[in-house]
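>>> Next come a sequence and a model predicted from it.
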Protein chains: 2
Amino acid sequence: MRETELIRAIDTLARTTMHSPQVLTGIGDDCAVVRPRPGEDLVFTTDLTIEDRHFTRATHTAADVGYKGLARSLSDLAAVGAEPLFCLVSLAIPAGSAQWVKAFYRGLTSLAKQFDMALAGGDLARADKVTVDVMCCGRVHRNKALLRSGARPGDSLYVTGELGGSALGFEQKRGKTWARHKRPVPRVAAGRELVGLASACIDISDGLSLDLHRLCEMSGVGAAVTSIPVWPGASIEQALHGGEDYELLFTAPHRRIVPSRIASVPVTRIGEVTAHTGTITYGGNSLEPSGFDHFR
Amino acid sequence: MRETELIRAIDTLARTTMHSPQVLTGIGDDCAVVRPRPGEDLVFTTDLTIEDRHFTRATHTAADVGYKGLARSLSDLAAVGAEPLFCLVSLAIPAGSAQWVKAFYRGLTSLAKQFDMALAGGDLARADKVTVDVMCCGRVHRNKALLRSGARPGDSLYVTGELGGSALGFEQKRGKTWARHKRPVPRVAAGRELVGLASACIDISDGLSLDLHRLCEMSGVGAAVTSIPVWPGASIEQALHGGEDYELLFTAPHRRIVPSRIASVPVTRIGEVTAHTGTITYGGNSLEPSGFDHFR
């Protein structure tokens, strides 16, 4: 199969996602052309998903990989409270993978359609291992993007959903927890509702302990965690340090009323922000950033 | 070296590029935040650059790879006539490459600074082979992006610069032609001057024969090539089919006066657009798309 034929097949799938009047051109030209609307900022993120690092071809179907590649990037849009607009998808694959590629794009576009976002372009190349890079663009009202840097001492600390399910699922490789690992649901609707409510936000991709350190570092604060919502059956270690839950960790001024559910997702107060810059505790003891670090 | 330390080193380099008032945040948050200006469209492209496919670590320094990764993507912005605004860089690398990573970003940011564009974010991960994906965003006046689809029968066909130099350089691996291969100059200034002059444009990344077929396919036309400007010492085969010259191939209505130099780059009329959809000839003989195809 030639590259042009493969691109034609991808283009057919991509066309099923092109509903936004802001995305003017799709696959097939040198660039995707997008028309911003007055009063909006655009936000951009990109995430790598790599064979034998983030998935294996033995445990993940091509559609799973397409889904996950986009979900990881969408979770970053959720963290800033953005509405998804479009994505660009770069895919490097071994020879002879034409069927795999088509299934990959079916998985990816099925998720894109759930969020009314366009697959507007990308790149294809050969590599020994499957390598995926998904760039997502979203829109927010001007100056309203949620940042990691807005937490202030005295703010309350919250998470959406339950933690540790993805790590447990990766261990068990069956049932609902395995689905939780393979097909995480990016908290896009919850993130959008947090705009104007949260003072800071980050998505939990590398484990609560590490991502909480990141949020505190960017805000110049510390945090005292008292209790956390644990996925049924997961250990407290999995909940604290297991990656890939893709829930949102956010802060809000302590007098702000935060609903117990946001966009149908349970929200739990897990502690508070302190003035002890860089000091994170859990139950009074130091909580080290032991989440997933690609370079340790 | 931990991921956070590596990101801090990259952040220091990235800050030297953050001059655009449109790019509101840099590295370190979940997303980069960008403020569009009224009356502009934004254009987006992404390009993979992969070890042992697009370069080898034996022949290319880390700085070369950083330069080339960005140059490939900038060439797509040139093809639509856009002004570069920012890039996101995804980089997957083997263990123990901290010094390599820093040199990579030095090479990349040196080119970014030439075009006043920001390094606004990206992703880092581990992989067995170096894998780079550079997403570039540029700005164009509304509705002014040059597309592949605007060529009409009777238009004249032009290229910037000379062709085949990159293929020759790859063969010789020395002197000026090797530099031509390793450090191609994206024709950004020429592309911007083509807005309002060219009817269609594409950058020659995979060889004239293949990229001309692509332009003709998107425009629903054919082309008759009469003669082409060949890099000194390169063969006609290298000029017709060698990839990675990163010159611009464009069309303009035949009565339009096209200067012999645009933004200091020589421009040569190489033939004309015909109504014979899909038929491309060179000197009267069929010219097959024999450029670089990742999936042949």
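Ah, there it is. Numbers count the residues shown, from 1 in each chain, chains lettered A, B, ... in the order given.

>>> Can you list the residue ranges for strands in chain A?
Assigned by DSSP state E, chain A shows strands spanning A:32-34, A:40-50, A:83-93, A:118-126, A:131-141, A:156-160, A:200-204, A:222-225, A:247-252, A:261-262, A:265-274, A:280-282, A:285-286.

>>> Which strands and helices lie in contact with the fifth one?
Pointing back at strand A:131-141 there. The helices and strands touching strand A:131-141, judged by 3 or more C-beta pairs under 8 Å, 6 or more residues apart in numbering or on different chains; DSSP states H and E, are strand A:40-50, helix A:62-80, strand A:83-93, strand B:40-50, strand B:83-93, strand B:131-141. Yep, even glycine has a C-beta here, placed from its N, CA and C like the rest.

>>> CSV please, covering these and showing mean neighbour count and mean pLDDT.
Formatted as CSV, the helices and strands packed on strand A:131-141 follow (neighbours: other C-beta atoms under 10 Å in any protein chain shown; pLDDT from 0 to 100):
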stretch, mean neighbour count, mean pLDDT
strand A:40-50, 25, 98
helix A:62-80, 27, 98
strand A:83-93, 26, 98
strand B:40-50, 25, 98
strand B:83-93, 26, 98
strand B:131-141, 27, 98
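
>>> Can I get these in CSV including distance to B:D64?
Formatted as CSV, the helices and strands packed on strand A:131-141 follow (distance: least, C-beta to C-beta, whole Å):
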stretch, distance to B:D64
strand A:40-50, 22
helix A:62-80, 28
strand A:83-93, 20
strand B:40-50, 10
strand B:83-93, 14
strand B:131-141, 11
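
>>> so what's A:E40 up against?
Residues in contact with A:E40 (C-beta atoms under 8 Å, 6 or more residues apart in numbering or on different chains) are A:R139, A:V140, A:H141, A:R142, B:P36.

>>> Of all residues in chain A, which one is nearest the centre?
A:S75 (2.1 Å; C-alpha atoms, centre = their mean).

>>> Would you check that it makes contact with A:P184?
Yes - A:S75 lies in contact with A:P184 (C-beta atoms under 8 Å); the separation is 7.3 Å.

>>> got any residues that touch both of these two?
Jointly contacting A:S75 and A:P184 under the rule C-beta under 8 Å, 6+ apart are A:Y246.

>>> Enumerate the residues of the stretch 51-200 of chain A near chain B.
Proximity of the stretch 51-200 of chain A to chain B, by C-beta under 8 Å from any C-beta of the partner chain, involves residues A:53-54, A:76-77, A:79-80, A:82, A:88, A:90, A:92, A:95, A:98, A:120-129, A:131, A:133, A:135, A:137-138, A:140, A:142, A:145, A:147-149.

>>> Try it again at 7 Å.
If contact is defined as C-beta under 7 Å from any C-beta of the partner chain, the residues of the stretch 51-200 of chain A in contact with chain B are A:53, A:76-77, A:79-80, A:82, A:88, A:90, A:92, A:121-129, A:131, A:133, A:135, A:145, A:147-148.

>>> Next, count neighbours for A:I27.
The criterion is other C-beta atoms under 10 Å in any protein chain shown. On that basis, A:I27 has 21 neighbouring residues.

>>> was I right about A:C216 contacting A:G222?
Yes - under the criterion of C-beta atoms under 7 Å, A:C216 lies in contact with A:G222, with a separation of 5.8 Å.

>>> These two: which has the busier surroundings?
Just comparing A:C216 and A:G222: by other C-beta under 10 Å the higher neighbour count belongs to A:C216, 26 against 20.

>>> quick one: contacts for that one?
Neighbour list for A:C216: A:G222, A:A223, A:G278, A:I280 [criterion: C-beta atoms under 7 Å, 6 or more residues apart in numbering or on different chains].

>>> so what's the second one bridging to?
It stands for A:A223. Beta-bridge partners recorded for A:A223 (DSSP bridges): A:V273, A:I280.

>>> Quick check: it vs A:A167, distance?
Distance from A:A223 to A:A167, counting by C-beta to C-beta, to the nearest Å: 21 Å.

>>> which intervals of chain A have sub-threshold pLDDT?
A:1, A:291-296 (pLDDT under 70).

>>> Find the closest residue to chain B in it.
Scanning chain A for the residue nearest chain B gives A:P36, at 3.4 Å (criterion: C-beta to the nearest C-beta).

>>> Burial check on that residue, number of neighbours?
22.

>>> Now do the contacts for the closest residue to A:G39 other than its chain neighbours.
If you skip the residues right next to it in sequence, A:G39 has A:R142 as its closest partner in space, 5.3 Å away by C-beta to C-beta, 6 or more residues apart in numbering or on different chains. Applying C-beta under 7 Å, 6+ apart, we find A:R142 in contact with A:G39, A:E40, A:D41.

>>> Tell me who's in contact with the closest residue to A:P186 other than its chain neighbours.
In space, not counting the residues next to it along the chain, A:P186 is nearest to A:L74; the distance is 3.8 Å by C-beta to C-beta, 6+ apart. By C-beta under 7 Å, 6+ apart, the contact set of A:L74 is A:P84, A:F115, A:C136, A:P186, A:V188.

>>> returning to that earlier point: among the contacts of A:C216, which one has the most neighbours?
Neighbour counts for those (other C-beta under 10 Å) peak at A:A223, which has 27 neighbours.

>>> Could you check how far that residue is from A:G169?
Noted for A:A223: a distance of 27 Å to A:G169, by C-beta to C-beta.

>>> How about A:V225?
Taking C-beta to C-beta, one finds A:V225 at 23 Å from A:G169.

>>> more crowded one of these two?
More neighbours sit around A:G169 than around the other of A:V225 and A:G169, counting by other C-beta under 10 Å; the figures are 27 against 21.

>>> show me the contacts for that one.
With contact set as C-beta under 7 Å, 6+ apart, A:G169 has these partners: A:T177, A:W178, A:R180, A:H181.

>>> Could you do A:A234 as well?
With the criterion set at C-beta under 7 Å, 6+ apart, A:A234 makes contact with A:G164, A:G165, A:A167, A:L168.

>>> Repeat that for A:A145.
For A:A145, the contact set (C-beta under 7 Å, 6+ apart) comprises A:D41, A:V43, A:V80, A:G81, A:A82, B:C31, B:V33.

>>> Next, work out how far apart it and A:A252 are.
16 Å.

>>> do A:A78 as well
Separation of A:A78 from A:A252 (C-beta to C-beta) stands at 16 Å.

>>> For stretch A:18-33, give me every contacting residue.
If you take C-beta under 7 Å, 6+ apart as the criterion, stretch A:18-33 is touched by A:7, A:10-11, A:14-15, A:34-35, A:37, A:85-86, A:88, A:116, A:118, A:120-121, B:41, B:43-45, B:76-77, B:79-80, B:82, B:145, B:147-148, B:202-203, B:218.
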